[in-house]
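J.: What shape does this take:
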Amino acid sequence: MTKGERGSIVAEIVQEPLINKARKSRLRTAIAEDRVGTTQLESVPEPKYWHLKTVLSEALDSEFAVGEILPNERDLAARFGVARATLRQALEQLELEGRLQRRRGVGTTVAPPRMGVAVGSAQGSWPGAAGDAWQPADSELAPAPADVARALDVDPAEPVHVVRRTRVSHGQPVAAELLYVPAVSVPDLSAIDAPAGPARARAVLRELGRLDLEGQDRAVELGSARADDAKALDRLPGAPVLVVTTRFLADGRTAALSMATYRADTCRLTFGDQGAVEIHHGPEQRAS
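T.: Numbering: from 1, shown residues only. Prediction:
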């Protein structure tokens, strides 16, 4: 056996244990990482802002009255020993849950319990029908947004009637609506009788009500208030809102489409004829 062959055999003998050790080491590391990962998932602590939200909620129940203005963020952050970013997260969550209201030019106040707001009935009816709680504000001819135009099956450049309505409950604005009505749904509408304003809006609704309503469907989603909605609802832009989209069907097509924006901090939407079911999440006690 030559010297080179002996060196090659020695190298193989030396390398094999090293390779096996490396494989075993990687295996042990993988097992350990898996165990550590599992342990971490099982013991992830509650987010700091979530714990702060619970503490703030208890303080609202015991220390503050409905409508009372909270101290500013700097004082609250100092009191609870948290960063202002953490405090804002907790306040935003409480606002989303309806415990707080942020009012333009006032500050953050303790909110009253959410009020029930009925959204339609099982049978359904046209907007503007008897008993409708909405107040017409204005109407104009304008192209609809692209997604609305698709739902109405009209050309995006084709003007449609855009009716603006508002809804007030207990003396405060709770919802704003844009109702899109294509011209084909109100063919007998005369621009001479009611050229603009609430009268024009009522004329569009009156003509729309002449159609035989075949049905309607709704979708509800959580959103953020746009600038125009925030102004109408006396909210700050970006405040949480509930957007209810309703499609009205007649003559085998979408005859009108409503996009109603409700204040998420004060409204509890109810559906159907009774609307009597209430489900409370979290403490039922409210500051008084």
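J.: now the residue nearest the centre of the chain, what's its secondary structure?
T.: For the chain, the residue nearest the mean C-alpha position is residue 222 (1.6 Å; CA atoms, centre = their mean). Secondary structure assignment for residue 222 (DSSP: H, G, I helix; E, B strand; the rest coil): strand.
J.: For residue 101, list the residues it contacts.
T.: 95, 108, 109, 110, 111, 265, 266 (CB atoms under 8 Å, 6 or more residues apart in numbering). Just so you know, the C-beta spots here come from the backbone N, C-alpha and C atoms, and that holds for glycine as well.
J.: you'd agree it is in a helix?
T.: No: the assignment for residue 101 (three-state DSSP) gives strand, which keeps it out of a helix.
J.: ok, now how distant is it from residue 64?
T.: Separation of residue 101 from residue 64 (CB to CB, to the nearest Å): 12 Å.
J.: Identify the contacts common to the two.
T.: residue 110.
J.: Any regions of this protein where pLDDT drops low?
T.: 1-45, 115-118, 120-123, 191-194, 272-288 (pLDDT under 70).
J.: quick one, what contacts residue 255?
T.: 181, 182, 185, 208, 211, 248, 249.
J.: sec struct for it, please.
T.: When the structure is reduced to helix, strand and coil (three-state DSSP), residue 255 reads as strand.
J.: Equivalent analysis for residue 167, please.
T.: Taking three-state DSSP as the rule, one finds residue 167 in the strand state.
J.: Report the beta-bridge partners for it.
T.: Each beta-bridge partner of residue 167 is listed here: residue 175, as defined by DSSP bridges.
J.: That one contacts residue 177, doesn't it?
T.: Yes: using CB atoms under 8 Å, residue 167 and residue 177 qualify as a contacting pair, with a distance of 7.2 Å.
J.: Neighbour count: the two, which is higher?
T.: Ranked by neighbour count (other CB atoms under 10 Å), residue 167 and residue 177 place residue 177 first, with 23 against 20.
J.: Any buried residues in the host helix or strand of that one, and which?
T.: Assigned by DSSP states H and E, residue 177 belongs to strand 172-181. Counting neighbours by 16 or more other CB atoms under 10 Å, one finds that the buried residues in strand 172-181 are 173, 174, 175, 176, 177, 178, 179, 180, 181.
J.: so how far is that strand from its chain's centroid?
T.: Put simply, strand 172-181 sits 16 Å off its chain's centre (CA atoms, centre = their mean, to the nearest Å).
J.: now for the helix or strand just after that strand, which elements pack on it?
T.: If you walk from strand 172-181 toward the C-terminus, the next helix or strand you reach (DSSP H and E) is helix 197-208. Helices and strands touching helix 197-208, as assessed by 3 or more CB pairs under 8 Å, 6 or more residues apart in numbering; DSSP states H and E, comprise strand 135-143, strand 159-169, strand 172-181.
J.: now the angle from helix 197-208 to strand 135-143?
T.: Using axes from the mean of the first three to the mean of the last three CA atoms, to 10 degrees, one finds that helix 197-208 and strand 135-143 are set 80 degrees apart in direction.
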